[in-house]
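Undergrad: Could you look at this predicted model? Sequence included:
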Amino acid sequence: MSLKLVTFSHAKNFFIRGTIGGKRILESTGTTNRRLAEEYRTKREAEFWQEKLYGTRAVITFADAATAYMKDAPRSAATGRYVDRLVEYFGDTKLSSINNASLRGAYAKILKDAEKAAPSTKKRAVRTPLQAILEFGAIQGWCDRPAFAPISVPTTIKRFLLPEQATALVQHAAPHLQPLFVFLLGTGCRLSEALDLQWKDINLHGARAVVWQKQGRQRHVDLCPAVIRWLSSIELRDGYVFRPEKKTAHGIITGERYHDSGRQYGGQIKNGWAGACHRAGLPGRIREWVPKGQKKAKQAFVPEFTPHDLRHTWASWHYCVHKDLLLLKSDGDWSGINTVTVYAKLMPPVYREDIIKWWSSGPRIVPKT
């Protein structure tokens, strides 16, 4: 039996209805245009017959699999963006036909620098989400498990600050960023955890905070005296702890919270971070470019350090003080001991007393109250 176009009084769009191979079908064409609806009916009828004769593998497209993957479990906003780009490229490509050559084609079309993109960029923006969707499809029986050529990502240098550099960074930061930087240096929290932190999860008297992971898991963080001192300097004690500030003609406006980017943090404090690093004399480079539609070049300081390097700093300080990798793994919430071994030889032992003093008293500046 073939499929037919039908309409219903409660809906504007055309529907297709019928039975193919004993399977009853009723679905919307998504259009009120009869010609487009007829094209949809013809296409879907062919797909249903192909599925009947050759199995589901023959008809499941990448777009179908990607949609099912996103609906299967909560995904981050960043994952959604990566998947959208893949769907735009692969679209109605049969899921079972995607191979290593398809992956290289995706690099060429999706990434700005194509095959010349950094291995970490290829892995993060294309390979990892593509492989996840194919793995999901394989579990459903829609395709074979993916077999891609290995991609080697060079180990990045773990950058860390010396105590005097950390002090200079805080000294030259905007006032609303100073408590945030001290918090990161004193707890080792990820920036995402810090920007999501709320006052209801802080116990200043008990020197403890509760931060939340993107998986919905909580962990308890001890607060050193320096962190408690700087948190106590924050006037607003409701809602989010760390908030953005914007200068206007009418004065400084404090925002409700930093933009929620799905746990992909760093960009929210990009300008403030770069400015603090530059004024503190930390290493970096000057980027120069000509904005589109303009003739005059602009310049911006690009620091070598990133906000995440404050976590590396805390970890290197932690081992310098305690000489205990298991304690570092636990306090820093790392999944394996191998991850933290790199911090064992970063900070020279001569800085141990300086670190203890920093965590006790904080940078040698007075927080504004």
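TA: Sure thing, it's come through.

Undergrad: Not counting sequence-adjacent ones, nearest residue to Q213?
TA: R219 (6.9 Å; CB to CB, 6 or more residues apart in numbering). Backbone N, C-alpha and C define where each C-beta goes, glycine included.

Undergrad: Could you count how many residues lie near L231?
TA: Per other CB atoms under 10 Å, the neighbour tally for L231 reads 23.

Undergrad: Wait, a strand at the residue nearest to Q213?
TA: Yes. Counting by DSSP: H, G, I helix; E, B strand; the rest coil, R219 is part of a strand.

Undergrad: Strands of the stretch 101-250 of the chain, residue ranges please.
TA: For the stretch 101-250 of the chain, applying DSSP state E, counting those that start in this stretch gives strands covering 202-203, 208-212, 218-222, 245-248.

Undergrad: Quickly list what T248 is bridged to.
TA: Listed by DSSP bridges, the beta-bridge partners for T248 are G251.

Undergrad: For Q268, see how far away it is.
TA: Taking CB to CB, to the nearest Å as the measure, T248 falls 18 Å from Q268.

Undergrad: Neighbour count: those two, which is higher?
TA: Using other CB under 10 Å as the criterion, T248 and Q268 rank with Q268 on top: 19 against 7.

Undergrad: Excluding sequence neighbours, find me the nearest residue to the more buried one.
TA: Nearest to Q268 is Y258, by CB to CB, 6+ apart, at 4.3 Å.

Undergrad: follow-up on the earlier one: with distance to P291 and mean pLDDT added, can I get the strands of the stretch 101-250 of the chain in CSV?
TA: Below are these laid out as CSV (distance: least, CB to CB, whole Å; pLDDT from 0 to 100):
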stretch, distance to P291, mean pLDDT
strand 202-203, 42, 97
strand 208-212, 39, 94
strand 218-222, 42, 93
strand 245-248, 22, 83
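
Undergrad: thinking again about what came up before, go ahead and confirm the residue nearest to Q213 touches R208.
TA: No. With contact defined as CB atoms under 8 Å, R219 does not count as touching R208 (10.9 Å).

Undergrad: With only the CA atoms kept, save the least confident helix or strand in the chain by mean pLDDT in PDB.
TA: Ranking every helix and strand in the chain by mean pLDDT, DSSP states H and E puts helix 34-54 at the bottom, with a mean of 80. Written as PDB, here are the backbone C-alpha positions of helix 34-54 (Å, rounded to 0.1, in the frame of the first residue of the first chain):
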ATOM      1  CA  ARG A  34       0.800  20.500  -1.600                       C
ATOM      2  CA  ARG A  35       3.700  20.300  -4.100                       C
ATOM      3  CA  LEU A  36       6.300  20.200  -1.300                       C
ATOM      4  CA  ALA A  37       4.200  17.800   0.700                       C
ATOM      5  CA  GLU A  38       4.000  15.500  -2.400                       C
ATOM      6  CA  GLU A  39       7.800  15.600  -2.700                       C
ATOM      7  CA  TYR A  40       8.100  14.700   1.000                       C
ATOM      8  CA  ARG A  41       5.600  11.800   0.600                       C
ATOM      9  CA  THR A  42       7.600  10.400  -2.400                       C
ATOM     10  CA  LYS A  43      10.900  10.600  -0.600                       C
ATOM     11  CA  ARG A  44       9.600   9.000   2.700                       C
ATOM     12  CA  GLU A  45       7.800   6.200   0.800                       C
ATOM     13  CA  ALA A  46      11.000   5.300  -0.900                       C
ATOM     14  CA  GLU A  47      12.800   5.400   2.400                       C
ATOM     15  CA  PHE A  48      10.300   3.200   4.100                       C
ATOM     16  CA  TRP A  49      10.400   0.600   1.300                       C
ATOM     17  CA  GLN A  50      14.200   0.700   1.400                       C
ATOM     18  CA  GLU A  51      14.100   0.100   5.200                       C
ATOM     19  CA  LYS A  52      11.700  -2.800   4.700                       C
ATOM     20  CA  LEU A  53      13.900  -4.400   2.100                       C
ATOM     21  CA  TYR A  54      17.400  -3.700   3.400                       C
END
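
Undergrad: just how off-centre is it within its chain?
TA: With CA atoms, centre = their mean, to the nearest Å as the basis, helix 34-54 stands 39 Å off its chain's centre.
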